[in-house]
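>>> Take a look and give me a structure for this.
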Amino acid sequence: MGHAQKKENRLYIPPRDKHVEVKAKPALGNNCSHNEQVMNAFSFGFIRYKKAMKDLSKV
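Numbers count the residues shown, from 1 in each chain. Okay, the predicted model is just below:
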């Protein structure tokens, strides 16, 4: 006898466009610390993938 289970909503991640060439982001500068570089990388990620992170937080 099985238990009724709620069907999971899968997160759809579309395939990337392989015709778009990815460019490297410039560093903050030569005299900045590692912590500043990490904070800069996180800010890029949160700005760029805000909706995806909200969807992932609901899983």
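>>> same for the longest helix seen in the chain, what does it pack against?
As assigned by DSSP state H, the longest helix anywhere in the chain is helix 34-48. In terms of contacts (3 or more CB pairs under 8 Å, 6 or more residues apart in numbering; DSSP states H and E), helix 34-48 is packed against no helix or strand at all. No exception for glycine: its C-beta is placed from N, CA and C like everyone else's.
>>> and after that helix, which helix or strand comes next?
Scanning forward in sequence from helix 34-48 by DSSP states H and E, the next helix or strand is helix 50-57.
>>> what's around the residue nearest to F46 when sequence neighbours are not counted, how many residues?
Counting by CB to CB, 6 or more residues apart in numbering, M53 is the residue found nearest to F46 once chain neighbours are left out, at 6.9 Å. The burial count assigned to M53 is 11, neighbours taken as other CB atoms under 10 Å.
>>> and M53, what pLDDT?
Each residue has a pLDDT score; the one for M53 is 78.
>>> swap in M1?
In this prediction, M1 carries a pLDDT score of 56.
>>> Let me know whether the residue nearest to F46 touches L11 as I believe.
No. Between M53 and L11 there is no contact under CB atoms under 8 Å: 11.1 Å.
>>> Tell me, please, where in this structure the pLDDT is lower than the cut-off.
Residues of the chain meeting the criterion pLDDT under 70: 1-2, 5-7, 25-28, 59.
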